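Predicted structure and sequence below. I'll ask about it afterward.
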Amino acid sequence: MMQKLFLLAVAGALGTLARYGLGGWVQRWGGASFPWGTLIVNMTGCFLFGIVWAIALNRVEISGTTRAIFLTGFMGAFTTFSTYMFETVQMTRDAEWLLAAANVAGQTVVGFLLMFLGMTIGRLV
């Protein structure tokens, strides 16, 4: 158990460094007028998560521990957007269209409102 936690932490640190490096590089290249770094990191995360999940499901036997280390550790630190999209896609595959729509709308709208509220409260403190 301790080894798994250690590997999760290491994978998380590597995901953080990858996000910082890729996001910063893209942002410098794209300019400050739009959050290009975040966009590219999030889309790359979705793509990589999808590839690893499909390979683990259909092609290569990847242990649950290895999947958790990569998908939760590395990808979780790289971007949580990939997990959010994966869960939404899973809902659509299960024909849970209303839940998928509620997840997208809820996280987007509520996330926006809570960010706005948090920033407002933060300015007042």
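Perfect, I can see it now.

What pLDDT does the model give G12?
Among the per-residue scores, G12 holds a pLDDT of 97.

before we move on, what about the one 5 residues further on?
We have a pLDDT of 98 for L17.

And the one 5 residues further on, by the same measure?
Turning to L22, the model gives it a pLDDT of 96.

got the residue ranges for the strands in the protein?
Listed in chain order, the strands found in the chain under DSSP state E amount to none.

Closest to the mean position in it, which residue would that be?
Centrality entry for the chain: nearest residue to the mean C-alpha point is T80, 2.3 Å, by CA atoms, centre = their mean.

I'd like to check which residues are in contact with that one.
By CB atoms under 8 Å, 6 or more residues apart in numbering, no residues touch T80. Heads up, the C-betas are built off the backbone N, CA and C, glycines and all.

got the phi/psi numbers for it?
phi -90, psi -10 (degrees, to the nearest 10).

and it, how far is that from L98?
Per CB to CB, to the nearest Å, T80 is found 23 Å from L98.

what do you get for I55?
Where L98 is concerned, I55 sits at a distance of 30 Å (CB to CB).

With K4 instead?
Distance of K4 to L98, computed by CB to CB: 36 Å.

the more surrounded of these two?
Remark: of K4 and L98, K4 carries more neighbours, 12 against 9, as counted by other CB atoms under 10 Å.

Chain neighbours aside, what residue packs nearest to that one?
Nearest residue to K4, sequence neighbours excluded (CB to CB, 6 or more residues apart in numbering): T65, at 5.8 Å.

What separation is there between the one you found and F78?
For T65, the distance to F78 equals 19 Å [CB to CB].
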